[in-house]
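**Student:** Could you work out the structure for the sequence below:
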Amino acid sequence: MNACDVAPALDSLSRCSAAVRSWFLRNGLQLNPDKSDVVIVGTSHQLRSAASISSIDVAGSRLPFSDKLKSLGVTIDSSLGFDCHASNVARACNYQSRALRHVHSLLTDETAQTVACNIVASRLDYCNALLYGAPAETLNKLQRAQNNLARVVCLRDGRADAGLLLRSLHWLPVRLRITYKTAVIAHKVLATSTPAYLSELIHIAEPQDCYVPPTRLCCLYLGQGPRFLVVLFPSQPLSGSGNTLPDNTRLCKSTDTFKRHLFNTP
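**Tutor:** Numbers count the residues shown, from 1 in each chain. I've put the predicted structure just below:
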């Protein structure tokens, strides 16, 4: 967005939010705009263009801009770097890992692993597709939290090789869990047209060629010319050296079969 487009956009947002508030009141509902947070998301140039704007009118309330906000458990910052989100998740995981270490002696190994997966590892997986293409420094925070969890479950100290422990527990490292998640979502869209809200946005061309452009977006382009677009396929599924999945994996009809092939991709 250019600087000249900011004012009209904010005016449109103000009018739309006021209309929503009126609809709420007519239907016996209450909108609390003063409890909302506002953040501007954009490139460095776009953020500089909007630096002179300190607040925005939302449904009659003047709200100041924040550096970040939390929506559905995900911390969103202005640059969409998700570094703060990773820090929050890692902090929560480490807290739960310490709690598990205190009670581990009262649990069987199987129960301890179940607790770790359900309470702690689930935090690492929640909305992790958003972290595809995130900087290594961001993912390393989550990886250290997963390493700590593996050592707690296996009753090892901080010097134990986390990679060996993860393999013994059959846990994928954080980066590969993210890739696995995005690949499964893409397969569901392509093979089953679900979820519908993603399938409706996608036009699938005839798969004549497959490659991934150098971009942070999780995209796999199928076909040639102007008619190709399929989203949410990672460039390096799991760990392979190439940037495409093997045909026997990519063309699986069943999602369960696809998961098994994907997990075992060299």
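**Student:** And residue 142, what's its pLDDT?
**Tutor:** Reading off the confidence values, residue 142 has pLDDT 93.
**Student:** Now do the contacts for it.
**Tutor:** Neighbouring residues of residue 142 by CB atoms under 8 Å, 6 or more residues apart in numbering: 86, 89-90, 93, 124, 131, 174. Backbone N, C-alpha and C define where each C-beta goes, glycine included.
**Student:** Report the two of those residues separated the most.
**Tutor:** Farthest-apart pair in these is 93 and 131; separation 14.1 Å (CB to CB).
**Student:** any idea how far stretch 158-173 is from the chain center?
**Tutor:** Centroid separation between stretch 158-173 and its chain, computed with CA atoms, centre = their mean, to the nearest Å, is 23 Å.
**Student:** For that stretch, what does the pLDDT average out to?
**Tutor:** For stretch 158-173, mean pLDDT rounds to 89.
**Student:** got it, and stretch 254-262?
**Tutor:** Along stretch 254-262, the predicted confidence averages to a pLDDT of 77.
**Student:** Show me the contact partners of stretch 96-108.
**Tutor:** The list of residues contacting stretch 96-108 from outside it, by CB under 8 Å, 6+ apart, reads 112, 115-116, 119-120, 123, 145, 148-149, 152-153, 155.
**Student:** element containing the nearest residue to residue 120 once chain neighbours are set aside, please.
**Tutor:** Taking CB to CB, 6 or more residues apart in numbering as the measure, residue 120 lies nearest to residue 96, with 4.6 Å between them; neighbours along the chain are not counted. With the criterion set as DSSP states H and E, the secondary-structure element containing residue 96 is helix 83-103.
**Student:** Looking at the contacts of residue 142, which is nearest residue 188?
**Tutor:** Sorting the contacts of residue 142 by distance to residue 188 puts residue 131 at the head of the list, at 19.3 Å, by CB to CB.
**Student:** Does residue 56 lie in a helix or a strand, and which?
**Tutor:** Secondary structure assigned from DSSP H and E places residue 56 in strand 55-58.
**Student:** Tell me the strands beside that strand, with direction?
**Tutor:** Within its sheet, and counting by DSSP bridges, strand 55-58 is paired with strand 61-64 (antiparallel).
**Student:** How far does the partner strand sit from its chain's centre?
**Tutor:** Taking CA atoms, centre = their mean, one finds strand 61-64 lying 29 Å from the centre of the chain it belongs to.
**Student:** Can you name the residues that contact residue 54?
**Tutor:** Residue 54 is in contact with 64-65, counting by CB under 8 Å, 6+ apart.
**Student:** Quick check: it vs residue 45, distance?
**Tutor:** Distance of residue 54 to residue 45, computed by CB to CB, to the nearest Å: 19 Å.
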